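Peer 1: Below is the structure, and that's it, no one-letter string:
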């Protein structure tokens, strides 16, 4: 029974890590695009 709980916890931990990794990959290009896209607009408003 103890081995079952250890295996379940390990599977849940791996799933949580993979989910966080996929979210980080999904959000990274969006963040870079927003940062790059917002810089020219800020420069236009300043000048």
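Peer 2: Arrived safely. None of the values given here were measured: they were computed from a predicted structure.
Peer 1: Going by C-alpha atoms from here, please, whenever you check contacts or count neighbours.
Peer 2: Noted.
Peer 1: which residues of this protein score low on pLDDT?
Peer 2: The model of the chain has pLDDT under 70 over residues 1, 28-47.
Peer 1: quick one: the strands in it?
Peer 2: Secondary structure of the chain (DSSP state E): no strands present.
Peer 1: Distance of residue 13 relative to residue 6?
Peer 2: From residue 13 across to residue 6, the span is 11 Å (CA to CA, to the nearest Å).
Peer 1: Count residues in the vicinity of residue 19, would you?
Peer 2: 12 (other CA atoms under 10 Å).
Peer 1: ditto for residue 6
Peer 2: Residue 6, neighbours per other CA under 10 Å, totals 11.
Peer 1: same question, residue 5
Peer 2: 10.
Peer 1: Now do the helices in this protein.
Peer 2: 2-46 (DSSP state H).
Peer 1: Spit out the contact partners of residue 17.
Peer 2: If you count contacts by CA atoms under 8 Å, 6 or more residues apart in numbering, residue 17 has none.
Peer 1: For residue 2, see how far away it is.
Peer 2: In terms of CA to CA, residue 17 sits 23 Å off from residue 2.
Peer 1: just residue 15 next, same as before
Peer 2: Applying CA to CA, the value for residue 15 to residue 2 is 20 Å.
Peer 1: what do you get for residue 9?
Peer 2: Using CA to CA, residue 9 is found at 11 Å from residue 2.
Peer 1: between these two, which one's more packed in?
Peer 2: Neighbours were counted for residue 9 and for residue 2 using other CA under 10 Å; residue 9 has more, 12 against 7.
Peer 1: could you list every residue that touches that one?
Peer 2: By CA under 8 Å, 6+ apart, no residues touch residue 9.
Peer 1: Recalculate using a threshold of 10 Å.
Peer 2: Residue 9 is in contact with 3, 15, counting by CA atoms under 10 Å, 6 or more residues apart in numbering.
Peer 1: Okay, it and residue 18: tell me how far apart.
Peer 2: In terms of CA to CA, residue 9 sits 14 Å off from residue 18.
Peer 1: cool, residue 27 as well?
Peer 2: From residue 27 to residue 18 the distance is 14 Å (CA to CA).
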